[in-house]
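K.L.:
Test case, fold it:
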Amino acid sequence: MLEIRRSADRGRADHGWLKSFHTFSFADYYDPEWMGYGPLRVINDDRVAPAKGFGKHGHRDMEILTYILAGALEHRDSMGNGSVIRPGDVQRMSAGTGVTHSEFNPSATEEVHFLQIWLLPEALRLPPGYEQKHFTAADKRGRLRLIAAPDAADGALLLHQQARVYAGLLDGAERTELRVAAGRRAWLHVARGELSVDDVRLSAGDGARTPGPAQLTLHGGAAAEVLVFDLP
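P.N.:
Numbering: from 1, shown residues only. From the prediction side, this is the model:
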């Protein structure tokens, strides 16, 4: 059975240059009922103003995914990586024993909109790592495309956790199904647009969770972009 987390019920922060919505407790936002779901610890829906960003700061023992929705984000880290990630790009940074990085909006005029996702790794003190891949709209059109997995199957990013992350684009008559095995659980996050999960309508920013076993049908999309997390 689906439990819904509506967009308006999320935590929020407005720092002027950064506007962020927190699905789970994060920074100054604390709600003991929403500390995460299994190893999924953070889904932050961030918008960063032109020529602004996060200065150099550190993380450890976390799998961090960045999913770009609009604009561009420039990345630098202590492992020597540097890149600009754009819509369709997904970045994975394994903080492991410790890494510092910065994220900056290189545009002088355009806001960047992205999701920052944290998952707890299955083991602590792993070597830090970095990976970036592009998934086209065609890859995700009318289906759930695997974008991160512990075995890096089907060209997905390597994830140091027994979780599988999917992205999909659904519009009009397009539909896809999600099977959640017994002993597993799923979280769905609507990044933009609208869609129905069985008979429940979800809009941008909404989330939903369900334990397995479950069989869900995603349909009735209106320019919908959705992320699905299959979790232990």
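K.L.:
all helices of the chain, in order?
P.N.:
Along the chain, counting by DSSP state H, helices occupy 137-140.
K.L.:
From the centre of it outward, give me the first residue you hit.
P.N.:
Ile117 (4.4 Å; C-alpha atoms, centre = their mean).
K.L.:
Grab the nearest non-local neighbour of that residue.
P.N.:
Leaving aside its sequence neighbours, Ile117 sits nearest to Leu65 (C-beta to C-beta, 6 or more residues apart in numbering; 4.2 Å). Backbone N, C-alpha and C define where each C-beta goes, glycine included.
K.L.:
Return the residues in contact with that neighbour.
P.N.:
Going by C-beta atoms under 8 Å, 6 or more residues apart in numbering, Leu65 touches 90-92, 115-119, 148, 157, 165.
K.L.:
one step back: show me the beta-bridge partners of the residue nearest to the centre of the chain.
P.N.:
Beta-bridge pairing for Ile117 (DSSP bridges): Ile43, Leu65.
K.L.:
going forward, begin numbering at 25 instead of 1
P.N.:
Understood, numbering begins at 25; the last thing we discussed is Ile141.
K.L.:
can you give me how far the longest strand along the chain is from the chain middle?
P.N.:
Counting residues, the longest strand found in the chain (DSSP state E) is strand 238-255. Its chain's average C-alpha position is 14 Å from that of strand 238-255, according to C-alpha atoms, centre = their mean, to the nearest Å.
K.L.:
Report the backbone C-alpha coordinates of it in PDB.
P.N.:
C-alpha atoms of strand 238-255 as PDB (Å, rounded to 0.1, in the frame of the first residue of the first chain):
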ATOM      1  CA  ALA A 238       3.900  -5.000  -4.600                       C
ATOM      2  CA  GLN A 239       3.100  -4.500  -8.200                       C
ATOM      3  CA  LEU A 240       2.600  -0.900  -9.200                       C
ATOM      4  CA  THR A 241       1.500   0.600 -12.500                       C
ATOM      5  CA  LEU A 242       2.800   4.100 -13.500                       C
ATOM      6  CA  HIS A 243       0.500   5.800 -16.100                       C
ATOM      7  CA  GLY A 244      -1.400   8.900 -17.100                       C
ATOM      8  CA  GLY A 245       1.800  11.000 -17.200                       C
ATOM      9  CA  ALA A 246       1.700  14.700 -18.000                       C
ATOM     10  CA  ALA A 247       5.300  15.600 -18.900                       C
ATOM     11  CA  ALA A 248       6.300  13.500 -15.900                       C
ATOM     12  CA  GLU A 249       9.900  12.700 -14.900                       C
ATOM     13  CA  VAL A 250      10.100  10.200 -12.100                       C
ATOM     14  CA  LEU A 251      12.900   8.500 -10.100                       C
ATOM     15  CA  VAL A 252      12.300   5.100  -8.500                       C
ATOM     16  CA  PHE A 253      14.400   3.600  -5.800                       C
ATOM     17  CA  ASP A 254      14.300  -0.200  -5.200                       C
ATOM     18  CA  LEU A 255      15.800  -0.600  -1.700                       C
END
